[in-house]
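K.L.:
With the input below, show me the fold.
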Amino acid sequence: MRQRRLMNQINVVPYIDVMLVLLVIFMVTAPMLPTGTVDLPSVAKTSQVKTDPVTLTVKGMDKIDFEDKETQSRFSSVSEDELLEKLRTIQETNPDRAVVIAADKSVRYEAVMKLMDLLQRNNINKVGLLVQPAGK
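P.N.:
Predicted coordinates for the structure are as follows:
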């Protein structure tokens, strides 16, 4: 009696058939899917900055420079209490005034986050980060 040889090859023809059927189904149903629309803002709709923001420059862990271009005032190495006092007076006169934080790349991230946390805890809402384009 002759022994049967085991077949050591996989028959891939059924898998190819299934994949072709799925491909046809997706090709037929894809044009029927509804497309979404995205409303992008136009240049005319953007809000223009009415006043210059207050710039806080982080020099180190507890070294913060304060600059207000509107009143032409500049202070270096301001303490947290002095900073909050100045920002409160600015917020009282103009609550829409923004605060911008600038920091060099050598300043620790922790110092910037500490300043942002201080501003958030004292209800200074319009806080942003000043960035430079990549070429500079």
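K.L.:
Could you list the buried residues of the longest helix anywhere in the chain?
P.N.:
Among all segments of the chain classified by DSSP state H, the helix with the greatest residue count is helix 13-29. Counting neighbours by 16 or more other Cβ atoms under 10 Å, one finds that helix 13-29 has no buried residues. For the C-beta atoms, the positions are set from N, CA and C on the backbone; glycine is no exception.
K.L.:
For the helix or strand following it, C-alpha coordinates in PDB please.
P.N.:
Following the chain from helix 13-29 toward its C-terminal end, the next helix or strand by DSSP states H and E is strand 54-58. Extracted C-alpha coordinates of strand 54-58, given in PDB (Å, rounded to 0.1, in the frame of the first residue of the first chain):
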ATOM      1  CA  VAL A  54       1.200  92.400  27.900                       C
ATOM      2  CA  THR A  55       4.400  90.400  27.400                       C
ATOM      3  CA  LEU A  56       5.900  88.300  30.200                       C
ATOM      4  CA  THR A  57       9.400  87.100  29.400                       C
ATOM      5  CA  VAL A  58      10.600  84.100  31.500                       C
END
